[in-house]
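Student: coordinates for the following, if possible.
(2 chains)
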Protein chains: 2
Amino acid sequence: MNIRSNPDTTLPAVTTGNLPSSRKIYAIPESAPDLRVPLREIILSEGAGEPNLPVYDTSGPYTDPDVLIDVNNGLSRARLDWVKERGGVEEYQGREIKPEDNGNVGAAHAAKSFKAYHKPLRGVGDHMITQYEFARAGIITKEMIYVAERENLGRKVQLERAEAARADGESFGAEVPLFVTPEFVRSEIARGRAIIPCNINHAELEPMIIGRNFLTKINANIGNSAVTSSVEEEVDKMVWAIRWGADTVMDLSTGRNIHTTREWILRNAPIPIGTVPIYQALEKCDGDPVKLTWELYKDTLIEQCEQGVDYFTIHAGVRLAYIHLTANRVTGIVSRGGSIMAKWCLAHHQESFLYTHFEEICDIMRKYDVSFSLGDGLRPGSIADANDRAQFAELETLGELTKVAWAKGCQVMIEGPGHVPLHKIKINMDKQLKECGEAPFYTLGPLTTDIAPGYDHITSGIGAAMIGWFGCSMLCYVTPKEHLGLPNRDDVKVGVITYKIAAHASDLAKGHPAAQLRDDALSRARFDFRWQDQFNLGLDPETAVAYHDETLPKDAHKVAHFCSMCGPKFCSMKITQDVRDYAATLGDNEKAALNLGGTASMGMSMSGLIEDGMASMSQKFKDMGQQVYVQAEAVKESNKAL
Amino acid sequence: MNIRSNPDTTLPAVTTGNLPSSRKIYAIPESAPDLRVPLREIILSEGAGEPNLPVYDTSGPYTDPDVLIDVNNGLSRARLDWVKERGGVEEYQGREIKPEDNGNVGAAHAAKSFKAYHKPLRGVGDHMITQYEFARAGIITKEMIYVAERENLGRKVQLERAEAARADGESFGAEVPLFVTPEFVRSEIARGRAIIPCNINHAELEPMIIGRNFLTKINANIGNSAVTSSVEEEVDKMVWAIRWGADTVMDLSTGRNIHTTREWILRNAPIPIGTVPIYQALEKCDGDPVKLTWELYKDTLIEQCEQGVDYFTIHAGVRLAYIHLTANRVTGIVSRGGSIMAKWCLAHHQESFLYTHFEEICDIMRKYDVSFSLGDGLRPGSIADANDRAQFAELETLGELTKVAWAKGCQVMIEGPGHVPLHKIKINMDKQLKECGEAPFYTLGPLTTDIAPGYDHITSGIGAAMIGWFGCSMLCYVTPKEHLGLPNRDDVKVGVITYKIAAHASDLAKGHPAAQLRDDALSRARFDFRWQDQFNLGLDPETAVAYHDETLPKDAHKVAHFCSMCGPKFCSMKITQDVRDYAATLGDNEKAALNLGGTASMGMSMSGLIEDGMASMSQKFKDMGQQVYVQAEAVKESNKAL
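Tutor: Residues are numbered from 1 along each chain as shown, chains lettered A, B, ... in the order given. A predicted model of the protein is given here:
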């Protein structure tokens, strides 16, 4: 990989260049040949005997050697044309940036402004703006064509294999298609069962889709806080997170420079960016939830709509009536947004302004096609609080709000918990599907136990894999630092890889027609001792090769037909090659004799019977049976020099 | 922690001393007051307002400051008396150690011998020897009393809480008792549903139990190989693994010094040690499976029985008749033991000698009470091969062999896969219970995807949590080095912690009566901002505090009423304290008014209704609502100095 620094400035250096043995390729959709849909092709070694493997690629132009990355200029804004050519939008003089947008930061601590300013677009009158509106009207947008191509992972229709994979899975009612067409994408969005988060002002975006009938997606959270971290770090973390597979990124910044940080992130983000607008609104009223007003919040929404944020977490389900239900919890209200709104509701003794103004919020978000991520402000923060009345009361309200948002033309997904033991996960998924009309579910973990601070990527990866299988559309990562601190670069990577595992395990179990292609390719490489292919087909080739180097650092060992676990003397995979040769020599009669042995009940005299049946094979196999370790012994000699 | 080196020698230094804020305590069972059953008490901070928490303790005398550890002498051999006082055993001159036991290692590479030699014991004639035999005869042994006390985690009977926990779980037919009695232990062993692996020659052992109606256990694999690692490292890894929670350890050593390594491990092991005897037998015939004989294998069994190995993996289900079933697999036979036996069967065209001599194996193992771990030599090595005919044919044979071993008086558990996607895990568990008469299942993972070399502790931790929930009794860990190299100390720790998470998540989901006590204690600490208690109640306090230090290194922050995620300005947990104060002020009428709001359908005028109902609370709450950040602001000032 390369770390390119722009010579003009130190702000900010990001990681570019391909992953090992990979190249960026672009698919051209038949129905829109002006689109270039990115894929990563994993290049297998010579003699692999099978084609290179294309995989989903979230990393954006940062891994395209033909693109010169300069974060000071941001990415190219190709999607602007798609939006404009549909019409119904106007460019206008946006809201002026105010000192409070950046927490009234003084000159000494102000982050450098992003240099370009792009006038915002907004929808005009009743013109269709959102993907939901187009889908409902039967119109296929470029975004829909783009994501359809993307979901197919560069494969052509292989009906037989795809059908077998799907039949082998357990989808719990999901209906993953054998092949994704733009029309299928449209129909899923029209049903509210999928969303393409794509603010019309986020022109740098490579669109992606979130829905239970598509590949399971993951989100990575980044963001500075009042206590620590900087703009540079956050932009770098965003690029780093998508390099390893984050499908969307949420900027959860608080504290100062919040507007400027977000601008840098958005202008350099090929993936959807989500935020929690109440965090910034709170900064604007000096951190006191009691001082929050609808006007302040609305102003913040418009500020972020104009910048291009693709989805907003909005905790409109935290109603005054539910707050007292949390009083006897072990961990009360743990959502920041939820607790802010609870505080406001209590202090004013009023219903949440997010709830009372929900229709106005829809009207604003529709004009920019910002998707709702209806927040779970009352999610459980401990195993003890899972699936309680407060949590489910809020979920029922989110179901009501989903229908309001749809009626207003908006795209919607629903956020979910949290801390949930294994046996209470499925009820979360089932209830969400029922209450929210199959709108995509987007969960944080869930963490399946509370007892492992420092390892909550794992406690939650377990829950994430399960809920993904049950139908969750996007899994919000949890890093090793959860409950303890802010994630650094290493934590972001571990969090992303853990959640790629969870998402992929879900897809396999659902019977996604293409998911197992990668497992099979990697397992074949493993079995053939194609070490480099095994590393490169994995989610993190760099770590895999580093671990292999620790035990067997020599280059020769990367082609050795054994590994450090068994050593060269007896290698189980090598022996299986004998089995294949053997099986190939078996006739039907011999197989019948073997099957007889296989089904007989326990008896110590069985071996004689089988031996008789197998006698004709004996000499042939003995002839070839002694050769298997010759090469391995030679390699073992080379070990002695280590 | 302390790293103590014995001054006499450099061989080997191991980690001793308590975990942070913990002390070793011993419970004295009523029915056997001479027993001292270890527990670790986690000491909470002053003002925690709740008692210290006793937890299961696998770490042995290494964490008892009153015991002087000298690995050259080994641990005390208290259990020798238990065995002798039952009678039916004789001390005898054991088998002589032969050069081939250590791979004919030359003087230059020979490991130092363990200095003490203990004459072995063996059963005499038809006297009862095994825990299974005693259990069937209605006799409660000291081992049974010991593990009963141990499983109760130092708690007294709290029927109401225990019943609630159990009723809240989903056990899939497991029947975890509210409180574990010695008689319950006996009955479970007598049914073959649990085992206490406890070779009569492993006098250093602190007994533990494996069965679906007890706490889910985990195993850690260690062992040198032909390629790398040493005796010192392996002893250190064993001590390290149990420090973090490994319930049993398998010594999978191959190559030279195999006998000596095992002796050092056993004499210093307070946990059951398992081995795969075929590995050593293979070393004795120059690594050529074709040269294996029953006599060679039998000699190896006796060698290891005399040393004190507690359980043997025996791949007696790899029958000649099943081998050809693996020919079309993506990854063939991946078990080392399975492939060795497959090779032997093919080369000789005979039924496996492990199968044909199975009754003799039982007779040998019974005399020492070595438990069977019937190996899954045909387990799937990739997602593609999961649940195929080869795998299940072997499992059916393991069911047959289980009944033979029981008839011979032996304790038995069954090994399971491997690589299995999420949706195929439960069928493994269900089939094992059915075929093997509920004998304990002991699985490797399973890994739920093949695509993450370097992270297979996570791909498998997901599967382990699930199969543990479904009824698996012991989970064999997988480290980050799986498929890539041998685990080092760090890998062992990560593997163990990951599997402690999986096992605990299983116990929670099954409704184990005591499992959630630790989650609740930790969550209360988290919610109360008792940072040190949160760290200390976790599985890995050292990592937790290190992570917290990265963001907020000051000591003052360990008592701060905020964390780095939200910072001092708005802390969601703090706000919940307001909610509690508020809820306490609500009368029944107010609650009724709130519930009305909660169940009403979406309507923008709802807030007015609630406001009316709540009017009487307004002033009271406003009075107290402004105080919440006063202290936090003071702490924030202190941050500026960072």
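Student: shaky segments in chain A?
Tutor: Chain A contains residues with pLDDT under 70 at A:1-12, A:225-229, A:553-574, A:576, A:588-642.
Student: kindly recompute the last result at 90.
Tutor: By pLDDT under 90, the weakly predicted segments of chain A are A:1-13, A:47, A:103-111, A:154-161, A:223-234, A:253-256, A:286-288, A:485-486, A:527-529, A:549-642.
Student: contact partners of stretch A:156-174?
Tutor: Among residues not part of stretch A:156-174, those counted as contacts by Cβ atoms under 8 Å, 6 or more residues apart in numbering or on different chains are A:176, A:178-179, A:212-213, A:429, A:433, A:469-471, A:508-516, B:423. Quick note: C-beta positions are derived from backbone N, CA and C, even for glycine.
Student: what's the ChimeraX line that selects buried ones from those residues?
Tutor: Here is the ChimeraX command that selects the buried residues among those (16 or more other Cβ atoms under 10 Å in any protein chain shown):
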select /A:176,179,212,213,429,433,469,470,471,508,509,510,511,512,513,514,515,516 /B:423
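Student: leaving out sequence neighbours, find the closest residue to residue A:91.
Tutor: Spatial nearest neighbour of residue A:91, chain neighbours left out: residue A:119 (4.9 Å); criterion: Cβ to Cβ, 6 or more residues apart in numbering or on different chains.
Student: what's around the one you found, how many residues?
Tutor: Residue crowding around residue A:119 was assessed by other Cβ atoms under 10 Å in any protein chain shown; the count is 11.
Student: isn't it right up against residue A:94?
Tutor: Yes: Residue A:119 lies in contact with residue A:94 (Cβ atoms under 8 Å); the separation is 6.4 Å.
Student: before we move on, back to that, ok, now which ones touch the residue nearest to residue A:91?
Tutor: For residue A:119, the contacting residues are A:91, A:92, A:93, A:94, by Cβ under 8 Å, 6+ apart.
Student: what about the helix ranked longest in chain A, near chain B?
Tutor: Scanning chain A for the helix with the most residues, using DSSP state H, yields helix A:489-510. Yes: applying Cβ under 8 Å from any Cβ of the partner chain, one finds helix A:489-510 touching chain B at A:497, A:498, A:500, A:501, A:502, A:504, A:505, A:506, A:508, A:509, A:510.
Student: touching the next helix or strand after that helix from outside, list them.
Tutor: As assigned by DSSP states H and E, the chain's next helix or strand after helix A:489-510 is helix A:516-527. Residues outside helix A:516-527 that contact it (Cβ under 8 Å, 6+ apart) are A:44, A:48, A:50, A:53, A:55, A:153, A:155, A:165, A:504, A:508, A:530-531, A:533-534, A:537-538, A:573, A:576, B:330-332, B:381-384, B:419, B:449-451, B:453, B:483.
Student: now helix A:516-527 and helix A:489-510, what's the angle there?
Tutor: For helix A:516-527 against helix A:489-510, the angle by axes from the mean of the first three to the mean of the last three Cα atoms, to 10 degrees is 110 degrees.
Student: which element follows helix A:516-527 toward the C-terminus?
Tutor: Moving toward the C-terminus from helix A:516-527, the next element (DSSP H and E) is helix A:531-537.
Student: and the closest residue to chain B within the stretch 201-350 of chain A, how far from residue A:414?
Tutor: Here the stretch 201-350 of chain A gets closest to chain B at one residue, residue A:332, 2.7 Å apart by Cβ to the nearest Cβ. From residue A:332 across to residue A:414, the span is 22 Å (Cβ to Cβ, to the nearest Å).
Student: tally of neighbours for the residue of the stretch 1-150 of chain A found nearest chain B?
Tutor: Using Cβ to the nearest Cβ, residue A:55 is the residue of the stretch 1-150 of chain A that sits closest to chain B, at 9.5 Å. Look at residue A:55: counted by other Cβ under 10 Å, it has 21 neighbours.
Student: domains of chain A?
Tutor: Domain assignment for chain A by the TED database gives A:70-233+A:245-490+A:498-513, A:595-640.
Student: give me whichever of these is most buried.
Tutor: Greatest average neighbour count among those goes to domain A:70-233+A:245-490+A:498-513 (a mean of 23), per mean count of other Cβ atoms under 10 Å in any protein chain shown.
Student: which stretches in the stretch 351-500 of chain A count as helices?
Tutor: Assigned by DSSP state H, counting those that start in this stretch, the stretch 351-500 of chain A shows helices spanning A:353-356, A:358-368, A:389-407, A:425-435, A:456-470, A:489-510.
Student: apologies, that question was intended for the stretch 201-350 of chain A.
Tutor: Applying DSSP H, counting those that start in this stretch to the stretch 201-350 of chain A gives helices spanning A:231-243, A:258-267, A:277-284, A:294-307, A:320-323, A:336-348.
Student: okay if I get those as a markdown table plus distance to chain B?
Tutor: Shown next, in a markdown table, are those (distance: least, Cβ to the nearest Cβ, whole Å):
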| stretch | distance to chain B |
| --- | --- |
| helix A:231-243 | 12 |
| helix A:258-267 | 12 |
| helix A:277-284 | 6 |
| helix A:294-307 | 11 |
| helix A:320-323 | 4 |
| helix A:336-348 | 3 |
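Student: so which of these comes closest to residue B:351?
Tutor: The closest of the helices of the stretch 201-350 of chain A to residue B:351 is helix A:231-243. By Cβ to Cβ, the value is 53.6 Å.
Student: tilt between the closest one and helix A:258-267?
Tutor: 30 degrees.
Student: leaving out sequence neighbours, find the closest residue to residue A:471.
Tutor: Leaving aside its sequence neighbours, residue A:471 sits nearest to residue A:212 (Cβ to Cβ, 6+ apart; 4.7 Å).
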